[in-house]
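Everything below, folded, please.
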Amino acid sequence: AANAVFRRPNPPNRGLTLTCDSSSIKVLIGDGQVTAGHEVIKHHVRKVRRIGESGVIGGFAGSTADALTLYERLENKLEEYPGQLRRASVELAKAWRTEKYLRRLDAVMIVADKDCMLEITGNGDVIEPDHGVLAVGSGGTYAFAAARALLDVEGLTADDIARKAMEIAADICIYTNDKFTVERLPQPEGEEEDSGGEGPQEG
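Just a heads-up that it's a prediction; the model follows:
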């Protein structure tokens, strides 16, 4: 069965990323909207990506520039602890909470590999879901509720649940759009790896 989880950042980070896990496939999906105050300034920011050559995928809600800094830090931790996403995430969360520079970063991350999915926050939290779904960002409440409802529908894949939950959230949340970027584990055969990014913007 496919599964899903959410934790609301405080204060809420703009944008939305959700990950959904089935017995063999993990799907990470993010919207593309960038907002400044109450204005939409960009529609196609990439909020999910592969992190180096580590076999880890990640997504975020919050500041794009801050998230890129955190991706880089996590990639360094994964090089230090190869194949140990939980350990690398804990070390990142410790640094994020204690280092003066990192404490200013405004983002929440979701990361996943073949073995686990985790939410990492600047409060020092590393959260592993009970039911296989994580959602972060201003539309996370809606995406989480939708995903949890869809879990009981037979025949839906993790991809189906993740996309439908994001579509529902995009219909409700003014900070979430339907320009989705998706990453999967394992990566489908023939699918090109896309780790391109956007410049520093609020998303």
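
going forward, measure contacts between C-alpha atoms and count neighbours the same way
OK.

helix or strand right after the longest helix along the chain?
For the chain, the helix that runs over the most residues, judged by DSSP state H, is helix 64-80. Per DSSP states H and E, helix 64-80 leads on to helix 85-98 as the next helix or strand towards the C-terminus.

which secondary structure elements does the longest helix of the chain contact?
For helix 64-80, the elements it packs on are helix 85-98, strand 107-112, judged by 3 or more Cα pairs under 8 Å, 6 or more residues apart in numbering; DSSP states H and E.

wait, which of these is closest to G124?
G124 lies closest, by Cα to Cα, to one member of those: helix 85-98, at 4.7 Å.

Quick check: mean pLDDT of whichever helix or strand comes after the closest one?
Using DSSP H and E, the helix or strand that follows helix 85-98 in sequence is helix 100-103. Average pLDDT, helix 100-103: 86.

Just the element for the residue lying farthest from the centre of the chain, please.
In the chain, E154 marks the outermost C-alpha relative to the chain mean, sitting 25.1 Å out by Cα atoms, centre = their mean. Under the criterion DSSP H and E, no helix or strand holds E154.

ok, now D171?
Using DSSP H and E, D171 falls in helix 158-172.

Now that helix: average pLDDT?
Mean per-residue pLDDT for helix 158-172: 95.

Now tell me what touches it from outside.
2-3, 18-22, 25-29, 31, 139-140, 142-144, 146-147, 150-151, 176-178 (Cα atoms under 8 Å, 6 or more residues apart in numbering).
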